[in-house]
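> this one's sequence-less:
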């Protein structure tokens, strides 16, 4: 063969090798893309499973406060009492029952001290309510409009680190978890402010 022929043959073989290499590269890209997609789907499925487990745990340990305000007598004097029961599946920790109202255009707040409630106790607890200072309720934090008529709202925690707000006549409680990444609701400000004040006593 002449030199030109060898050059032509070499060029052809090089072109063929380049074509084969390109095909292998394309196959690898497709395979890698498939693996990435499979990994993403697997991760999404795992997250969904974890979320479902967490939801089941929350439901299994979720407290549910139901309460009313009544007049009573404490230490020989007329008193305002919170009549409270926990009808959930788990303990209600650091409960706080609040009543907000407006008198002569001035907002007022009355609360219980902090207390714990086991699920399905044989009878409701009657807990003394007293006037408090600090952050007061408003429409956003109480869940309803404040006025001359008292507005009720209750807060508590569970043993999984969730915070709950119970607004009367609403079936579902509002839930906040600090590690879930959701914005902290304003009602947490009132709860934490009163919590910090009452925990000192």
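Good, I have the coordinates. Keep in mind that what you see is a predicted model, and the values were worked out from it rather than measured. Residues are numbered from 1 along each chain as shown.
> Tell me where the chain has strands.
For the chain, applying DSSP state E gives strands covering 65-74, 77-86, 92-103, 106-111, 115-117, 125-131, 151-157, 163-166, 174-176.
> For residue 139, which of those strands is the nearest?
strand 151-157 (8.8 Å; Cβ to Cβ). For glycine as for every other residue, the C-beta is placed from the backbone atoms N, C-alpha and C.
> Quick one, grab the pLDDT at residue 181.
Looking at residue 181, its pLDDT reads 88.
> Quick one: neighbours of residue 193, just the number.
A count of nearby residues for residue 193, using other Cβ atoms under 10 Å, gives 15.
> which residue sits closest to it, ignoring its sequence neighbours?
residue 135 (4.2 Å; Cβ to Cβ, 6 or more residues apart in numbering).
> who's in contact with that neighbour?
189-190, 193-194 (Cβ atoms under 8 Å, 6 or more residues apart in numbering).
> if we can go back for a sec, let me have the strands of the chain in a markdown table, adding mean pLDDT as columns.
Shown next, in a markdown table, are the strands of the chain (pLDDT from 0 to 100):
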| stretch | mean pLDDT |
| --- | --- |
| strand 65-74 | 93 |
| strand 77-86 | 96 |
| strand 92-103 | 96 |
| strand 106-111 | 95 |
| strand 115-117 | 97 |
| strand 125-131 | 96 |
| strand 151-157 | 97 |
| strand 163-166 | 98 |
| strand 174-176 | 97 |
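> Span of stretch 126-138 from start to end?
The separation between the terminal residues of stretch 126-138, taken as Cα to Cα, to the nearest Å, is 25 Å.
> OK, contacts around the residue nearest the centre of the chain?
Central residue of the chain (Cα atoms, centre = their mean): residue 176, 2.7 Å from the mean position. Taking Cβ under 8 Å, 6+ apart as the contact definition, residue 176 lies against 162-165, 182, 184-185, 188.
> Could you find the closest non-adjacent residue to it?
Ranked by Cβ to Cβ, 6+ apart and with sequence neighbours excluded, the top spatial neighbour of residue 176 is residue 163, at 4.5 Å.
> I'd say the one you found and residue 180 touch.
No - the pair residue 163 / residue 180 is not scored as a contact, 10.8 Å apart, by Cβ atoms under 8 Å.
> between those two, who's got more neighbours?
Between residue 163 and residue 180, counted using other Cβ under 10 Å, residue 163 has the larger neighbour count: 23 against 10.
> All set now, cheers.
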